[in-house]
Every structure is written in C-alpha cells, then in structure tokens.
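Undergrad: pasting a predicted model and its sequence here:
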Amino acid sequence: DINIVKRDLAETESAYVLISKYTSPSFSGAVNISSSLARASLGATLTTGELLKIAGVLRTVRGVKAWRSDSSAERETVIDYLFNALTPNKFLEEKITFCIKSEDEIADNASSALCDIRRKITSKSAKIRENLDKIVRGQMSKYLQDAIITQRDGRFVVPLKSEHKGELSGIIHDTSSSGSTLFVEPMPVVELNNEIRVLKSKEADEINRILSELSSLCADFSEDIKRSYNALVELDLIFAKAKLAYKMGAVVP
C-alpha cells in the first residue's frame, strides 16, 4: 500500500535525522514482559526475574523518553506519537529495584518486617556458632572428625567420629558415605536451630508478601506498561532501519 510505504519512509527519515544529530536511544532493556503482566493482572505473584525485567522495561522507557526530551530542538517529527505513548513510572521502577537486588536476593530493607526477621536470624546464628565454637575448640574437639561447623538440612551440626557417638549428646542428621562420620546437632543448639527454622519460614512468607505486593502494583499499571513497551518495539524497529540507512550512507533529501 503506497500510503503505508510513504508513512514508513517518513518515520525512518525522522529517525535518521535524529540519530544524525543526537545518536540513537538505547532499547537494550526492552524485553517482552506481556505474559508476566497478564499473569499479574490475573492475581499471580511474579518471580524476582519477571519483576526485574519489568523494571528494566520501565528504565528503558524513562531513558528513551529523556532522550527525546534532550533532542527537543527537533520540535516535531512523525514518530513523536510513539514517544508520547511512553509513560515512565519511576516510582514502580525504583520500588522494584530497591526491593530486589538480583534474581536470587531480596534486599534486607525491602520491608521493616523482613529486616527484623533477618536481624534475628543473624543474632541466633551467631549464638549457635558461639556454642559450637566451644565444642570444636574445646576438649570435645578430639572426638570430631574435623574442627568445623557445617549444616545439614538447614541446621548447624558438627562432624563427630562414629566411634565416639556416645561422647556428644545431640541429634544425628546425617552420616558420611563411609559411615565414619556422624553429623550431630548438639543439644545446646537444638532450640536455637528450631527458632531459626521458624524465622526462615517467616522470612519466606514475608518475601512472598513483598513479591505479591510488587506484582499487584505491576497489575495496576499494566496497561501503561504494555502501551509503553509496544511503543518501544515500534521505535526500536524504526531506529534500526534508520541506523542501517546511516551506515549505508543514505542521503536525506
């Protein structure tokens, strides 16, 4: 269709003029988050990876919008309707990146409750290590396979030589493949380990609550995010064609 051809040529020309004067905006964070937004809109809790991708899209939206603002000397172009469709959401972008440090790490300060839970876990873990240090460094150390503190099933244990099984009161959680080592949780730390187990469960619940809250916010802004993402895709294509023309030395009439 000749009208579509003329429109596409005009859009490519506008992008060509812009990059010849201001270089090109970056679209590197514009990954497809449509399915994640759809799931969030249905009430699903998104994963840390999905939320970080949404934050990445929002960061790209903000960057491309700012790029157009910086190139505002070119007052009107036929692709401004796409730039105008971009809706930055710095609030949501920063809330996600503040709470989620990586796909494997939720920030301690993501909530006051999470910070408090983790502080208690650290404190009780320190008490356990203090108790176990007395065993691995004291007279009981001669009954140990190695003077170390390790973990089995999330509980702190020490490696006891099997022939000295009766020398250390505690719960056996594991045995080495040779049977020569018993991984024993000494009785003085059993209760502390139990408390850590409860705290770990609370930590998981709080992390799920945080992810659920962030997912709900994504659902609230899903239409704006989808519209912005679609505009990014269109702009990325237009600027890709313009960059190709620029590399080939095309001359704008």
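TA: It's in. Keep in mind it's a predicted model, so treat the numbers as computed, not measured. Numbers count the residues shown, from 1 in each chain.
Undergrad: remind me what the lengthiest helix in the chain packs against, helices and strands.
TA: Scanning the chain for the helix with the most residues, using DSSP state H, yields helix 187-220. Helix 187-220 sits against helix 34-41, helix 48-70, helix 90-99, helix 112-137, strand 155-161, strand 170-175, with contacts defined as 3 or more CB pairs under 8 Å, 6 or more residues apart in numbering; DSSP states H and E. For every residue, glycine as well, the C-beta is placed using N, CA and C.
Undergrad: now, of these, which is deepest in the fold?
TA: strand 155-161 (a mean of 22; mean count of other CB atoms under 10 Å).
Undergrad: packing partners for that one?
TA: helix 112-137, strand 150-152, strand 170-175, strand 181-186, helix 187-220.
Undergrad: let me see the mean pLDDT of it.
TA: The pLDDT scores in strand 155-161 average 89.
Undergrad: who touches it?
TA: By CB atoms under 8 Å, 6 or more residues apart in numbering, the surrounding residues in contact with strand 155-161 are 125, 128-129, 132, 135-136, 143-146, 148-151, 167-168, 173-174, 176, 180-186, 189, 193, 196-197.
Undergrad: still on that earlier bit, what residues sit buried inside the very next helix or strand once past the longest helix of the chain?
TA: Later in the chain than helix 187-220, the nearest helix or strand by DSSP states H and E is helix 222-247. Residues of helix 222-247 classed as buried: 222, 224-226, 228-229, 231-232, 235-236, 238-239, 241-243, 245-246 (neighbour count, 16 or more other CB atoms under 10 Å).
Undergrad: gap between the closest residue to Ile210 other than its chain neighbours and Leu51?
TA: Closest residue in space to Ile210, ignoring its immediate chain neighbours: Ala110 at 5.1 Å, by CB to CB, 6 or more residues apart in numbering. Using CB to CB, to the nearest Å, Ala110 is found at 11 Å from Leu51.
Undergrad: can you check Leu217 too?
TA: Leu217 sits 10 Å away from Leu51, going by CB to CB.
Undergrad: related to what we said a few turns ago, tell me which of the helices and strands packed on helix 187-220 lies nearest to Pro25.
TA: Pro25 lies closest to helix 48-70 among these, at 4.0 Å (CB to CB).
Undergrad: neighbouring contacts of the closest one?
TA: 22, 25-31, 33, 36-37, 46, 80, 83, 86-90, 92-93, 96-97, 100, 102-104, 106, 211, 214-215, 218, 225, 228-229, 232, 235.
Undergrad: how far out from the middle of the chain is that helix?
TA: Put simply, helix 48-70 sits 15 Å off its chain's centre (CA atoms, centre = their mean, to the nearest Å).
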